[in-house]
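Enquirer: Compute the structure for the input listed below.
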Amino acid sequence: MKVAVLGSGNGGLACAFELSRAGREVALFDLPEFTTQIAAVADAGGIHATGDLDGFAPIASAGHDIAEALAGAELVVVVGPAYATPPMAQACRGHLTPGTAVLVCPSSCAGALTFQQAAGIGPDSGVIVGETSTLPYAVRITAPGRINVFHRLTTGTFLAATPPSDTDALFALVEDVWPLEKAASVLQTTLQNGNPVIHPAVSLLNAGPIDRGGDFLFYEEGVTNGVGRLIEAVDTERLAIAAALGVPLLSEPAIGVHQGYMTEENYSTGYSKAPGFLGIGAQGQLDHRYLTEDVGYGLVFLADLAARLSVPTPVIDAVIRIADVVLARDFKAEQARTLDSLGFGDLTAAELRAL
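Expert: Predicted coordinates for the structure are as follows:
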């Protein structure tokens, strides 16, 4: 089976590596402005990995020609942050054929729905589109074409397609590669994404040290009892949104334990003493994806969804507003990821539940 992996960042290289190791013919693609990893993989003929994934995996092709990458591909895996999904989908316009499946990994809030809209995929296209709740790795690029995988998840990565009737077909394409769990819908995979719950709270309550260069450990030193209470308050509102939609959801510390990152199911020491988060340094500036992505795409989407369901989210709204102030932006006004931006602004609560 040929698989096209779109995205050559940390997660893209890890996914391409493991798909190759599982016997797939892998084509790696990235947009023309991202050249470093593509060039390194093309020169080496593959990807080197250490850690939970180890060794060398051959990559059939690595380049910037989307038509070449997608030609004959049965599966397309789109790997990157939330803001990468629309341009990747736009690059795919006109190149996806009936019978192809697309997996957005991870969702990063409504990834599958975003891809469908940006790629112009309608209900009669014959293209299956789905998403995972998270990336199945904690991974970092250590040098061009080389990665270190700190943790490979063996549980706690959920997958769903839209509509849910396509989930089984998508799951069958990757079940031998990743230990995935089927979700009820893309609302479950989207809401199970914990990054908007954790990253903004820790970042904003440690804004001073981050503004001075971030010389501290993000979880071990950045999460105190007080910070944990803010994480919990945001998570409580997220769980209320899920309940209003009838979506099964694990709390953020519960999914952390389920995934093997954490050993304690609580909002403070659960993170500061988590084996999977040891040694992770803080970002060196506030203008970072922990706010720009996890607030601008994540919390803004959650607040918008909550408003449509009449679920109050005063804490989420406050976190968004403080992020606005410290970054001199207006994330809600930008509407990077809302129901309106996805074309679902007129849907009723019942129609939302059917996505």
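Enquirer: any chance you could map the strands in the stretch 251-355 of the chain?
Expert: Taking DSSP state E, counting those that start in this stretch as the criterion, the stretch 251-355 of the chain carries no strands.
Enquirer: cool, and the stretch 101-250 of the chain?
Expert: For the stretch 101-250 of the chain, strands defined by DSSP E, counting those that start in this stretch occupy the ranges 101-104, 128-132, 137-143, 146-152, 157-161, 180-182.
Enquirer: Pipe those strands into CSV and attach mean neighbour count, mean pLDDT and distance to Phe171 per row.
Expert: Yep, even glycine has a C-beta here, placed from its N, CA and C like the rest. Listed next are the strands of the stretch 101-250 of the chain as CSV, based on neighbours: other CB atoms under 10 Å; pLDDT from 0 to 100; distance: least, CB to CB, whole Å:
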stretch, mean neighbour count, mean pLDDT, distance to Phe171
strand 101-104, 28, 98, 10
strand 128-132, 28, 98, 8
strand 137-143, 19, 95, 19
strand 146-152, 20, 95, 19
strand 157-161, 26, 97, 6
strand 180-182, 17, 96, 6
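Enquirer: can you give me the helices for the stretch 251-355 of the chain?
Expert: Listed in chain order, the helices found in the stretch 251-355 of the chain under DSSP state H, counting those that start in this stretch are 252-259, 269-272, 289-292, 300-308, 314-327, 331-334, 349-353.
Enquirer: Find the nearest non-adjacent residue to the residue of the chain most remote from its centre, please.
Expert: Taking CA atoms, centre = their mean as the measure, the residue most remote from the mean C-alpha position of the chain is Asp43, 28.4 Å away. In this structure, Asp43 finds its nearest non-sequential neighbour in Gly145, 7.5 Å apart by CB to CB, 6 or more residues apart in numbering.
Enquirer: rewinding a little: put together a markdown table for the helices of the stretch 251-355 of the chain, with mean neighbour count on each row.
Expert: Shown next, in a markdown table, are the helices of the stretch 251-355 of the chain (neighbours: other CB atoms under 10 Å):
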| stretch | mean neighbour count |
| --- | --- |
| helix 252-259 | 21 |
| helix 269-272 | 22 |
| helix 289-292 | 22 |
| helix 300-308 | 22 |
| helix 314-327 | 18 |
| helix 331-334 | 16 |
| helix 349-353 | 13 |
